[in-house]
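**Q** Generate coordinates for the sequence data below:
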Amino acid sequence: MSRSRINGNFIDKTFSIVANILLRIIPTTSGEKEAFTYYRDGGMSAQSEGNYAEALQNYYEAMRLEIDPYDRSYILYNIGLIHTSNGEHTKALEYYFRALERNPFLPQAFNNMAVICHYRGEQAIRQGDSEIAEAWFDQAAEYWKQAIALTPGNYIEAHNWLKITRRFE
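**A** A predicted model of the protein is given here:
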């Protein structure tokens, strides 16, 4: 087993142990505990193993049970990740938007939205539509600026792209 796989398993196990302890000591309703269980055990675990259909089912169930907007934002973000992985970019963008409505401090959602827009810009270039490409690149730039504003020092490649393309203000 590779070192990264061992470290990943250690981190996953540590997270699970800490989460279980917190669930016992922090006052939460049974619905919140059940939502978190669907999120952690069903969603995140299945997602990390590439079982996207199972992960989506568990995330949808967690959404049904979870009432906290902040927690819901992470569930929606993870649903967006699955749709991104499946190449369903329109659906992914929808879920990232919904996550950001509940938690506007998710730089990773802004980054993923920018990556999708940049990809679509590249597709438009390949199709010979430079005007559409520029619109997608401009949108990508706006999302990357928001991600960078939330986490200065992260997204170095995006920051460099913004400078190179003169989209950084």
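
**Q** Where does pLDDT dip in this structure?
**A** Within the chain, the stretches with pLDDT under 70 are 1-28, 30-31, 41-43.

**Q** Distance check, Ser130 against Tyr155.
**A** Distance of Ser130 to Tyr155, computed by CB to CB, to the nearest Å: 25 Å. Yep, even glycine has a C-beta here, placed from its N, CA and C like the rest.

**Q** Looking at those two, which has the bigger crowd around it?
**A** Taking neighbours as other CB atoms under 10 Å, Ser130 and Tyr155 compare with Tyr155 leading, 21 against 12.

**Q** Pretty sure that one sits against Lys145.
**A** No. Counting by CB atoms under 8 Å, Lys145 is not a contact partner of Tyr155; they are 9.8 Å apart.

**Q** Tell me if I'm right that Glu66 and Tyr74 touch.
**A** No. Glu66 is beyond contact range of Tyr74, at 9.3 Å (criterion: CB under 8 Å).

**Q** Show me the common contact partners of those two, please.
**A** By CB atoms under 8 Å, 6 or more residues apart in numbering, Glu66 and Tyr74 have these common neighbours: Tyr39.
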